[in-house]
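Trainee: dropping a prediction and its sequence here:
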Amino acid sequence: MDTETSGGHRARPQGGAADGVPPAVGGPRAAAAGGAAEGASADGLPPFSGDLAAFAVQLRRMHGEVGRVIQQYAARQNLHVTDVQALAAILDAPEPMTPTGLRAVLGLTSGAVTACVDRLERAGQVRRVREDTDRRVVHLHYAAAARTAARTHFRPLAEALIRSGADFDEHELTVVLRFLTALNDALAEVPGLPADR
């Protein structure tokens, strides 16, 4: 059950099976001394010196808060949430995104990606541009007007990041960024369930 803190924010229970963290994730390894684990665990994972259950709670909370803002943007632009995820993938790609690349990032079928790109193009969110040297290759570009609208909508997220980071020095922020990068790299390797399950 949620409890209210002195700052008016809701505090949630700190882990355990009751809040969706199975014992293997938030159990004994995370319980003693703030979650410190000594030596290699029976499951072959390296030791984790933080409070694993508390990390899980905060990551779920962050996912929920960012997801709420994404859903609001999708509704405002008459898009699907998947369409907004596609826009983010196009924006963040280190090189021009292709439909094939988008399929790999989103884990969709080729038909679903085609439908997604069709919707985005009709909505004026993206442009399909054929490569000069190989006309078979199509690059997806975020339309300038759509990018401006997205920047305006998501600016509060950037401002929240700036405010929350103001209490941390450069070294601490570098460590946080290194952790988030490592976490995202590890999450990208987590296999999904087979399609028939």
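Mentor: Looks like it came in fine.
Trainee: ok, now how distant is the residue nearest to the spatial centre of the chain from residue 57?
Mentor: Nearest to the geometric centre of the chain sits residue 63, at 6.7 Å (C-alpha atoms, centre = their mean). Using C-beta to C-beta, to the nearest Å, one gets 11 Å for the distance from residue 63 to residue 57. Where you see a C-beta, it was placed from the backbone N, CA and C, and this is true even at glycine.
Trainee: so which elements touch the lengthiest helix in the chain?
Mentor: Taking DSSP state H as the criterion, the chain has its longest helix at helix 52-76. Other helices and strands packing on helix 52-76, by 3 or more C-beta pairs under 8 Å, 6 or more residues apart in numbering; DSSP states H and E, are helix 23-26, helix 28-31, helix 81-92, helix 144-165.
Trainee: in which helix or strand does whatever residue is furthest in space from the centre of the chain reside?
Mentor: Each residue of the chain has a distance to the centre, and by C-alpha atoms, centre = their mean the biggest one is for residue 133: 34.3 Å. Using DSSP states H and E, residue 133 sits in no helix or strand.
Trainee: make 12 the first number, not 1, from now on.
Mentor: Okay, using 12 as the starting number, the last item reads as residue 144.
Trainee: how near is it to residue 150?
Mentor: 12 Å.
Trainee: and for residue 70?
Mentor: Distance from residue 70 to residue 150, by C-beta to C-beta: 33 Å.
Trainee: who has more neighbours out of those two?
Mentor: Using other C-beta atoms under 10 Å as the criterion, residue 70 and residue 150 rank with residue 150 on top: 18 against 13.
Trainee: isn't the more buried one up against residue 137?
Mentor: No. Under the criterion of C-beta atoms under 8 Å, residue 150 is not in contact with residue 137, lying 9.9 Å apart.
Trainee: checking residue 105 next. Helix, strand or coil?
Mentor: coil (DSSP: H, G, I helix; E, B strand; the rest coil).
Trainee: same question for residue 146.
Mentor: Secondary structure assignment for residue 146 (three-state DSSP): coil.
Trainee: how many other residues sit next to it?
Mentor: Neighbours around residue 146, by other C-beta under 10 Å: 8.
Trainee: what's the pLDDT at it?
Mentor: The per-residue pLDDT reported for residue 146 equals 74.
Trainee: and it, backbone torsions?
Mentor: phi -70, psi -10 (degrees, to the nearest 10).
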